[in-house]
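Colleague: What would the 3D arrangement of this be:
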Amino acid sequence: MVRIRNIGVCGSDIHVYHGKHPYTSYPVVQGHEVSGEIDEVGAGVKELSVGDIVTIMPQVVCGECFSCRHGMYHICDNLKVMGFQTGGAAQEYFLVPANLIIKVPQGISFEQTAMIEPVSVAVHALGRAGEVSGKRVLVLGAGTIGNLVAQVARARGAKNVMVTDLSDYRLEFARACGIDQTVNVAREDLGERLIEGFGPERADLILECVGAPATIGQAVSLARKGSTIVVVGVFGEKPQVDLGLVQDRELVLIGTLMYQEKDYRTAVSLIAAGKIKLEALITDRYPFESYLEAYRHIDGAKDRVMKVMIRLD
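Modeller: Take a look at the predicted model:
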């Protein structure tokens with residue numbers, strides 16, 4: 001039994017709020033980016049104790065399909081995610097199987113703990129591309145996930161990291177988090193900036209973190225021969241992709257979904273080591289009683305919001 005302390009709000013939550021998430025069963029209790037402390041444990045639980053600070057992996061898997069049997073449970077054929085296809089943790093107390101609990105060390109705050117989930121998304125996305133150390137990494141999109149992808153790339157030894165967006169506001173957050181090379185593609189030519197920042201060989205790895213036809217098209221058109229593109233953004237509409245360029249340039253186009261336990265543990269270690277800046281991304285805080293007000297604020301100030309945190313103090 002976990003006493004919930006913080007709940008992070010993500011873009012998918014807002015899609016659910018508007019009834020536009022295609023894979024959600026209604027009604028549903030939301031909440032999948034959370035922190036809390038153990039309030040009670042079952043008799044068979046040995047590695048967790050009352051008072052432990054924890055987060056929760058929100059995946060409910062079948063354990064029987066091909067993906068589960070071959071170590072790819074995060075893409076389970078029958079995957080249910082808390083807050084979407086099954087009940088989430090937006091409640092004062094939440095009962096959860098012990099194997100979905102990740103304990104965090106002392107020194108990581110409740111707010112940081114609630115952001116382990118999105119950091120794990122970034123860790124898994126970069127892991128899909130293999131070794132990052134020494135590579136030139138271009139991140140398209142400076143929202144929360146794009147920002148964290150850029151931070152994790154830097155923390156894992158990338159030679160250069162550049163992040164793009166249409167919003168100066170979001171790019172300011174990237175710079176505040178230590179990503180010095182930023183490009184507002186509404187005003188600047190990204191192809192030229194790539195050569196200026198990375199040299200004529202441009203990017204080794206491109207991560208699309210927007211989920212828009214324009215940005216995946218941009219990724220393919222700007223990719224150097226033999227480079228890798230990881231699709232992180234969630235697409236609301238089907239994009240047209242120039243597969244002729246993918247074929248001609250031998251590009252590697254990779255999908256990524258969610259995370260595994262090892263990604264959570266890597267995220268915890270990066271945060272504990274101070275390699276990921278999270279506090280700067282929290283733009284708004286609301287008490288639990290004002291949950292709906294938080295959603296309305298996000299709707300009304302999309303370009304002025306990064307991470308909104310719900311607090312249960």
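
Colleague: name the element Val308 belongs to?
Modeller: Assigned by DSSP states H and E, Val308 belongs to strand 307-311.

Colleague: Adjacent strands (with direction) for that strand?
Modeller: Neighbouring strands of strand 307-311 in its sheet, by DSSP bridges, are strand 2-9 (antiparallel), strand 282-287 (parallel).

Colleague: I'd like those as CSV, with distance to Ile271 and mean pLDDT appended.
Modeller: For the C-beta atoms, the positions are set from N, CA and C on the backbone; glycine is no exception. Formatted as CSV, the strands paired with strand 307-311 follow (distance: least, CB to CB, whole Å; pLDDT from 0 to 100):
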stretch, distance to Ile271, mean pLDDT
strand 2-9, 14, 98
strand 282-287, 14, 97
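
Colleague: okay if I get the ones you listed as CSV plus mean neighbour count and distance to Met72?
Modeller: As requested, the strands paired with strand 307-311 are arranged in CSV below (neighbours: other CB atoms under 10 Å; distance: least, CB to CB, whole Å):
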stretch, mean neighbour count, distance to Met72
strand 2-9, 24, 26
strand 282-287, 16, 32
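
Colleague: Can you tell me which of the ones you listed is nearest to Ser35?
Modeller: Ser35 lies closest to strand 2-9 among those, at 4.5 Å (CB to CB).

Colleague: In which helix or strand does the most centrally placed residue in the chain reside?
Modeller: By CA atoms, centre = their mean, the chain has its centre lying nearest to Pro118, at 3.3 Å. Element membership for Pro118 (DSSP H and E) is helix 116-127.

Colleague: what packs against the first helix or strand past that helix going along the chain?
Modeller: Next helix or strand after helix 116-127 toward the C-terminus (DSSP H and E): strand 136-140. In terms of contacts (3 or more CB pairs under 8 Å, 6 or more residues apart in numbering; DSSP states H and E), strand 136-140 is packed against helix 144-155, strand 160-165, helix 190-198, strand 205-208, helix 213-222.

Colleague: circling back to that earlier point, looking at the strands paired with strand 307-311, which is nearest to Asp39?
Modeller: Across the strands paired with strand 307-311, closest to Asp39 is strand 2-9 (CB to CB), at 4.4 Å.

Colleague: by how many degrees do that closest one and helix 116-127 diverge?
Modeller: Taking axes from the mean of the first three to the mean of the last three CA atoms, to 10 degrees, one finds strand 2-9 and helix 116-127 inclined to each other by 60 degrees.

Colleague: which residues are in contact with strand 2-9?
Modeller: Strand 2-9 is contacted by residues 31, 33-39, 54, 56, 89-96, 101, 110-111, 113-115, 117-118, 288, 294-295, 298, 307-313 when judged by CB atoms under 8 Å, 6 or more residues apart in numbering.

Colleague: which residues in the stretch 1-150 of the chain form strands?
Modeller: 2-9, 33-38, 53-56, 59-60, 80-81, 93-94, 101-103, 136-140 (DSSP state E, counting those that start in this stretch).

Colleague: Could you pull out the buried residues of the helix or strand bottoming out on mean pLDDT in the chain?
Modeller: Here the helix or strand of the chain ranked lowest by mean pLDDT, DSSP states H and E is helix 11-17, holding a mean of 90. For helix 11-17, a neighbour-count test (16 or more other CB atoms under 10 Å) marks 12-17 as buried.

Colleague: Quick one: list the elements packing against that helix.
Modeller: Other helices and strands packing on helix 11-17, by 3+ CB pairs under 8 Å, 6+ apart, are helix 291-300.

Colleague: Which neighbouring elements make contact with the helix it packs on?
Modeller: On a contact count with 3+ CB pairs under 8 Å, 6+ apart, helix 291-300 meets strand 2-9, helix 11-17, strand 282-287, strand 307-311.

Colleague: one more time with 7 Å, if that's ok
Modeller: helix 11-17, strand 282-287, strand 307-311 (3 or more CB pairs under 7 Å, 6 or more residues apart in numbering; DSSP states H and E).

Colleague: Nearest to Thr228 among the ones you listed would be which one?
Modeller: Closest of those to Thr228 is helix 11-17, at 24.6 Å (criterion: CB to CB).
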